[in-house]
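Q: just coords:
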């Protein structure tokens, strides 16, 4: 498998998983916005204002969406059966690691074992794919 593709998949997983704890942190307090508001439309507008005028939410959300755009472009040229499992499994690992780094929670033994299994499994999966098939069924890599 192409090292450039592997790097892009890791970047996508990081953009998705690494931003999740920051999105969670940036959206704290939204449950209190408009809690006394009876009109559901006004409440929704207040919640959207809270989120999209808050750089602690908007910045990680924007980076997360950049990962989605990059994912879309990668999907156009490579096999879905490789791209999806690699990016999704690694995004869980990045979510847990970044969450731990910013003080959300310390991973327990099962979480650490799960992260190790994700990493080993993803590595085995990548190494088992000597070639990537593009949309035109031409061998790439």
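A: Thanks, I have the structure now. Predicted, not measured: the structure shown is a model, and the values here were computed from it.
Q: what pLDDT does residue 140 get?
A: Residue 140 carries a pLDDT score of 50 in this model.
Q: let me redo that: residue 43
A: Among the per-residue scores, residue 43 shows a pLDDT of 89.
Q: and if you look at residue 136?
A: At residue 136, the model reports a pLDDT of 53.
Q: Repeat that for residue 68.
A: Looking at residue 68, its pLDDT is 96.
Q: how close does the closest residue to it other than its chain neighbours get to residue 101?
A: The shortest distance from residue 68 to any residue that is not its chain neighbour, by C-beta to C-beta, 6 or more residues apart in numbering, is 7.6 Å, and that residue is residue 16. Every C-beta, even on glycine, is put in place using the N, C-alpha and C of the backbone. Residue 16 sits at a distance of 16 Å from residue 101 (criterion: C-beta to C-beta, to the nearest Å).
Q: between those two, who's got more neighbours?
A: When neighbours are counted by other C-beta atoms under 10 Å, residue 16 comes out ahead of the other of residue 16 and residue 101, with 24 against 10.
Q: Can you mark which positions in the host helix or strand of residue 83 are buried?
A: Taking DSSP states H and E as the criterion, the element that holds residue 83 is helix 80-101. Neighbour-count burial for helix 80-101, counted by 16 or more other C-beta atoms under 10 Å, picks out 82-83, 86-100.
Q: Same check on stretch 2-18?
A: Within stretch 2-18, the residues that qualify as buried by neighbour count (16+ other C-beta under 10 Å) are 5, 8-9, 11-18.
Q: how much distance is there from it to the middle of the chain?
A: If you compare the mean C-alpha spot of stretch 2-18 with that of the full chain, they lie 10 Å apart, counting by C-alpha atoms, centre = their mean, to the nearest Å.
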